[in-house]
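Visitor: structure for this input, please:
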Amino acid sequence: MRNSLHLPISKLVLCLLAVFLLCGCAEESTGQANPSEPKYTTGIWFSYLDYQETARGKTEAEFADVIDQVISDLQSIGVNTVYVHAEAFTDAFYNSEILPKTTLLGELTYDPLQIFTDKAHAADMRVEAWINPLRSVSTDHPEAVEGTILYDWIKRNDERIRPVEGRYYLNPAYPEVREFVCSVVNEILDKYPVDGIHMDDYFYPAETDQRFDAYIYGETIQTEDISIGDFRRRAVNMMVKEISDTVRKHKNKVRFGISVAGNLENDLNLYFADPQAWIDEKLIDYLIPQVYWGFDHPVKPYRETLKQWMAMTEGTETELYAGLAAYKIGLEDGYAGDGAQEWVENTDMLARQIRYALENNCSGAVCFRYASLFKPDKSVLGNVEKEIVNIKKLISDSEKLSD
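Guide: As a prediction, the model looks like this:
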């Protein structure tokens with residue numbers, strides 16, 4: 001079993017690791033509305049699943065206690081940035097005048113995003129509002145968006161929102177859809193002192209067929225020779241640009257970044273996302289490819305895959321963070337061939353992956369997700385605890401050399 005934490009590494013790298021990791025450790029509040037911008041980003045995703053697993057049915061006081069514990073947990077491993085779901089299924093984890101309030105936490109009488117942001121900032125931790133703007137409600141419950149334009153589109157079978165595999169998805173090819181998406185972004189930035197707007201890889205659903213956008217594509221090819229793939233990628237690019245423009249209108253240095261699938265071919269041809277275009281047009285501040293594979297994966301090994309993304313962002317203004325799969329700790333990776341047991345047999349996967357990213361000039365690393373590290377299933381608890389020990393050892397070793 002490899003344990004590369006015991007391999008010799010340079011004092012310079014460890015000093016950089018100290019900056020990278022320790023900038024998220026506990027500090028007294030600066031008293032500012034927003035924390036200072038860290039040199040490197042150590043992040044974690046706090047998803048709607050984390051909300052459900054830790055806070056469903058809680059009172060406001062109980063919820064506040066939960067978030068205090070979450071922040072304490074994150075700071076114990078050096079996290080300085082948390083990506084918190086503000087919109088998961090065209091629902092709001094905040095007080096919105098545009099979206100219906102989420103039902104995933106039960107009957108809400110308080111504002112989760114406000115409480116999370118206030119407490120994180122008091123601990124000098126950055127908070128970015130995580131949105132999934134195109135993924136909407138279940139086809140079994142369209143009434144969940146009653147009172148919104150989305151419900152009107154659903155009732156009249158409008159192509160602006162289409163059913164795919166039991167869920168509705170918004171169609172970004174329509175200007176009205178992009179306007180709706182940007183209105184949500186603008187509302188969040190107007191109402192909350194978040195430090196960024198963050199999206200992940202839910203663009204077009206992977207199962208999208210020709211019926212999804214047959215009408216508007218048919219109208220387009222009457223006057224323009226364009227393939228369906230290029231048409232959809234252009235639609236996503238227009239949405240990303242309009243979100244970027246919306247973010248840039250706010251003067252408080254709010255960042256905008258996207259986490260894409262780690263397999264670029266899937267981004268381009270399944271989800272119709274074109275990260276190279278966003279980088280070239282300077283639409284995003286950072287990119288987080290989900291490099292959710294181990295070092296020994298036969299098709300997408302971690303080092304080689306991350307290098308592909310490094311080549312894309314090298315020499316550009318777009319920062320690169322490695323997206324890491326904390327949820328795989330202690331589990332067999334069924335698609336990894338000879339590397340299937342790597343996450344079971346090694347208990348320093350995240351520490352080694354973070355260190356490799358930093359050694360190779362990435363600007364940060366982000367783990368999916370909070371519960372995978374701090375509320376794991378009992379079957380993997382031992383592995384997770386050892387992973388956390390190794391991360392903390394990395395911090396400790398770095399701190400000693402930086403003194």
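Visitor: can you tell me the SS state at residue 140?
Guide: Judged by DSSP: H, G, I helix; E, B strand; the rest coil, the three-state class of residue 140 is coil.
Visitor: that one contacts residue 166, doesn't it?
Guide: Yes - Residue 140 lies in contact with residue 166 (CB atoms under 8 Å); the separation is 7.4 Å. In this view, the C-beta of every residue, glycine as well, is placed from N, C-alpha and C.
Visitor: beta partners of the closest residue to residue 290 other than its chain neighbours?
Guide: Once flanking residues are discounted, residue 290 sits nearest to residue 323: 4.0 Å by CB to CB, 6 or more residues apart in numbering. Beta bridges link residue 323 to residue 290, residue 366, judged by DSSP bridges.
Visitor: measure how buried residue 323 is and give me the count.
Guide: Applying other CB atoms under 10 Å, we find 26 other residues in the vicinity of residue 323.
Visitor: which parts of the stretch 301-403 of the chain are strands?
Guide: Remark: strands assigned in the stretch 301-403 of the chain by DSSP state E, counting those that start in this stretch are 319-325, 364-368.
Visitor: next one: the stretch 51-200 of the chain
Guide: So, for the stretch 51-200 of the chain - with DSSP E, counting those that start in this stretch - the strands run 81-87, 126-131, 135-138, 161-164, 167-170, 196-199.
Visitor: point out where the chain drops to low pLDDT.
Guide: For the chain, the stretches flagged by pLDDT under 70 are 1-33, 36, 396-403.
Visitor: repeat that for 50
Guide: Regions of the chain meeting the criterion pLDDT under 50 cover residues 1-13, 19, 22-32, 400-403.
Visitor: now render the strands of the stretch 51-200 of the chain as CSV, adding distance to residue 352 and mean neighbour count.
Guide: Output for the strands of the stretch 51-200 of the chain, formatted as CSV (distance: least, CB to CB, whole Å; neighbours: other CB atoms under 10 Å):
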stretch, distance to residue 352, mean neighbour count
strand 81-87, 21, 27
strand 126-131, 25, 25
strand 135-138, 33, 19
strand 161-164, 38, 20
strand 167-170, 37, 20
strand 196-199, 25, 25
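Visitor: need these in TSV with distance to residue 44, can you?
Guide: Below are the strands of the stretch 51-200 of the chain laid out as TSV (distance: least, CB to CB, whole Å):
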stretch	distance to residue 44
strand 81-87	6
strand 126-131	11
strand 135-138	21
strand 161-164	29
strand 167-170	26
strand 196-199	12
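Visitor: residue 368: which of those is closest?
Guide: Nearest to residue 368, of all the strands of the stretch 51-200 of the chain, is strand 81-87, at 9.3 Å by CB to CB.
Visitor: mind exporting the C-alpha coordinates of that closest one to CSV?
Guide: These are the backbone C-alpha positions of strand 81-87, laid out as CSV (Å, rounded to 0.1, in the frame of the first residue of the first chain):
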residue,chain,number,x,y,z
THR,A,81,-14.4,28.4,0.9
VAL,A,82,-17.7,26.7,1.0
TYR,A,83,-20.0,26.3,-2.0
VAL,A,84,-23.5,26.3,-0.5
HIS,A,85,-26.6,25.3,-2.4
ALA,A,86,-28.8,28.4,-3.0
GLU,A,87,-30.8,26.8,-5.8
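Visitor: packing partners of that strand?
Guide: Using 3 or more CB pairs under 8 Å, 6 or more residues apart in numbering; DSSP states H and E as the contact definition, the elements that strand 81-87 packs against are strand 41-46, helix 48-55, helix 112-122, strand 126-131, strand 364-368.
Visitor: thinking again about what came up before, the strands of the stretch 301-403 of the chain into a markdown table, with extra columns for distance to residue 49?
Guide: Shown next, in a markdown table, are these (distance: least, CB to CB, whole Å):
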| stretch | distance to residue 49 |
| --- | --- |
| strand 319-325 | 15 |
| strand 364-368 | 10 |
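Visitor: what comes into contact with stretch 132-142?
Guide: Stretch 132-142 has contacts (CB atoms under 8 Å, 6 or more residues apart in numbering) with 85, 87-91, 144-145, 150-151, 154-155, 161, 163, 166-170, 172, 181, 184-185, 199-200, 202-205, 239, 243.
Visitor: re earlier: nearest to residue 129, of the strands of the stretch 301-403 of the chain?
Guide: With distances scored as CB to CB, the stretch of the strands of the stretch 301-403 of the chain nearest to residue 129 is strand 364-368 (14.9 Å).
Visitor: quick one: that closest one to strand 81-87, angle?
Guide: 50 degrees (axes from the mean of the first three to the mean of the last three CA atoms, to 10 degrees).
Visitor: chain center to strand 364-368: distance?
Guide: Offset of strand 364-368 from its chain centre (CA atoms, centre = their mean, to the nearest Å): 9 Å.
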